[in-house]
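[1] This is the structure alone, sequence omitted:
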């Protein structure tokens, strides 16, 4: 097993890609903290992790609130005493043209998607530095590279995550900590279904160059790889996983 | 049936490490190298570790040789699941205006044309199988450019975009094409040109992770891109470089 006894914190771990990452890491032997705004769902993913034979802890967290993230860190250290892997997956995906966009929607998107990265990294990095090891993996998006109408705040937040991760990689490299981003394409999750009809979602999923529907498990595989010893020399990168939709 | 991997430049350095990694995962590895003795040695090491391997002499710039070797491997094993194009490199460090046409062509052909010839031949096999993984090799210089290495940087940039085009062409057949892009890596070929001290002085300050790469670091990336975990990834470039370049 590639992540035996590692402690992994996964924000946004209650569903979709985050849930697949939690289960993927558990299968490799990691102890998993499932952190999510939706506590009940987080608990049910933690139960799934336990059924795989691994330890799990569910924590309700708002990644855009300092106190809440502090509580996440304290609860993690109280139960598991350390952190090896931080996966920043919590995010929101709101829809609006720039000309119609409320300041509240802008703030919410940037605070959660980008600010959540900052607050969670700030909370867990000191422990990683002290132990001279750690892996940070953040979910960016292909949209962060090519932009998308009606999702400018989301695109800006995801592009910013890439810049943030590169800077973090430079800051933390000397401490043996790597920081990387994953840029998924449109995946078969609940998120795109919030704004598109089932027909539109399926059409997008099936219109990729590669005849393969992008599932959360496809993303989880790369996250597990980046968290493993095999990826020790990889930092500051943003890897696209999108069935060939976009090649950067 | 076990998977079959063809590795060019498999006689040492990164290619040798990839051959060992894929063999350790249970694949049969066909090691092709310009230096037949080097290919034989890697084959013998793998056989000694109870792996499955055979060795071939191959100049990837020669279309007839490429065709003959690919045909032989295909007829011997019945399939080719993974093609890792690692043959390449450059022995020159000099200004553009000093390059002769022959030198220029040698660097472009051994890196870019060799990749094309190998992909063309093996893609025909993979299209019949309706499956396959092609792993090409670029370099951080293919993104940043490099003074005194213009044809090498150009060839590597060419490999990245060639691979994207090939990925689009082969996607309908379920064949994935990706690029691994090493940074400064401690291969025997570069280590014999530079002392470890000089190398450390030149590179370490520029690399966030504070060390140069090892062939084994790269081999893990090639292996990952040959596994079912990477089934949704095509046309992408994977930099394994300690953070020296973050495109």
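    Right, received. Where do you want to start? Note that the structure is predicted; figures quoted are calculated from it, not measured.
[2] For chain B, give the residue positioned nearest to chain A.
    residue B:208 (2.8 Å; CB to the nearest CB). Yep, even glycine has a C-beta here, placed from its N, CA and C like the rest.
[3] residue ranges for the helices of chain A, please.
    Taking DSSP state H to define them, one finds helices in chain A at A:16-27, A:39-51, A:66-80, A:103-109, A:116-131, A:143-146, A:152-172, A:190-193, A:198-206, A:216-227.
[4] same check, this time on chain B
    Counting by DSSP H, the helices of chain B are B:13-24, B:36-48, B:63-77, B:101-108, B:114-129, B:141-144, B:150-170, B:188-191, B:196-203, B:215-224.
[5] and these, which is most packed in?
    Stretch with highest mean neighbour count among the helices of chain B: helix B:13-24 (a mean of 26; mean count of other CB atoms under 10 Å in any protein chain shown).
[6] now that one and helix B:36-48, what's the angle there?
    30 degrees (axes from the mean of the first three to the mean of the last three CA atoms, to 10 degrees).
[7] Most tightly packed of the helices of chain A?
    Using mean count of other CB under 10 Å, helix A:16-27 ranks as the most buried of those, with a mean of 26.
[8] closest to residue A:199 out of the helices of chain B?
    Checking these against residue A:199 by CB to CB gives helix B:150-170 as the closest, at 25.5 Å.
[9] for the closest one, packing partners?
    Using 3 or more CB pairs under 8 Å, 6 or more residues apart in numbering or on different chains; DSSP states H and E, the elements in contact with helix B:150-170 are helix B:101-108, helix B:114-129, strand B:132-137, helix B:141-144, strand B:175-182.
[10] about what we covered before: isn't the residue of chain B closest to chain A right up against residue A:173?
    Yes - the pair residue B:208 and residue A:173 passes the contact test of CB atoms under 8 Å, sitting 2.8 Å apart.
[11] thinking again about what came up before, OK, contacts around the residue of chain B closest to chain A?
    Counting by CB atoms under 8 Å, 6 or more residues apart in numbering or on different chains, residue B:208 touches A:169-170, A:172-174, A:235-236, B:242-244.
[12] Poorly predicted segments of chain B, please.
    Low-confidence regions of chain B, defined by pLDDT under 70, span residues B:1.
[13] show me what contacts the residue nearest to the spatial centre of it?
    Geometric centre of chain B, nearest residue: residue B:86, 1.9 Å, by CA atoms, centre = their mean. Contact partners of residue B:86, counting by CB under 8 Å, 6+ apart, are B:7-10, B:13-15, B:18, B:137.
[14] okay, and for chain A, where does confidence drop off?
    For chain A (pLDDT under 70), the answer is none.
[15] Please compute how far stretch B:81-93 lies from its chain's middle.
    Between the centre of stretch B:81-93 and the centre of its chain there are 4 Å (CA atoms, centre = their mean, to the nearest Å).
[16] actually stretch B:214-223, not the one I typed
    Taking mean C-alpha positions (CA atoms, centre = their mean), stretch B:214-223 and its chain are 11 Å apart.
[17] Next one: residue A:33 from chain B, what distance?
    Plainly put, residue A:33 is 23 Å away from chain B if you go by CB to the nearest CB, to the nearest Å.
[18] right, I mislabeled it, should have said residue A:119
    23 Å.
[19] is it true that residue A:204 touches residue A:198?
    No - under the criterion of CB under 8 Å, residue A:204 makes no contact with residue A:198, lying 11.0 Å away.
[20] contacting residues around the residue of chain A found nearest chain B?
    Nearest to chain B, among the residues of chain A, is residue A:173, at 2.8 Å (CB to the nearest CB). By CB under 8 Å, 6+ apart, the contact list for residue A:173 reads A:235, B:207-210, B:242-243.
[21] With residue A:168 instead?
    Residue A:168 sits next to A:121, A:136, A:179 when contact means CB under 8 Å, 6+ apart.
[22] Tell me which residues of stretch B:226-243 come out buried.
    Of all the residues in stretch B:226-243, those buried under the rule 16 or more other CB atoms under 10 Å in any protein chain shown are B:226, B:229-243.
[23] Among those, which ones lie close to chain A?
    On the criterion CB under 8 Å from any CB of the partner chain, B:229-243 are the entries of the buried residues of stretch B:226-243 that sit beside chain A.
[24] Contact distance from chain B - what residues of chain A qualify?
    A:166, A:169-170, A:172-174, A:176, A:178, A:208-212, A:214-215, A:218-219, A:221-222, A:224-225, A:230-237, A:239-244, A:247-248.
[25] Take these and keep only those in strands.
    Judged by DSSP state E, those include A:178, A:239-241 as members of strands.
[26] Going by distance to residue B:185, which of those wins?
    The shortest approach to residue B:185 among these belongs to residue A:178, at 17.1 Å (CB to CB).
[27] ok, now how distant is the residue lying farthest from the centre of chain B from residue B:148?
    Residue farthest from the centre of chain B, counting by CA atoms, centre = their mean, is residue B:97 at 28.5 Å. In this view, residue B:97 and residue B:148 are 11 Å apart by CB to CB, to the nearest Å.
[28] got it, and residue B:92?
    Here residue B:92 is placed at a distance of 8 Å from residue B:148 (CB to CB).
[29] what about the two, which has more around it?
    When residue B:92 and residue B:148 are compared for neighbours, residue B:92 comes out ahead with 16 against 13, by other CB atoms under 10 Å in any protein chain shown.
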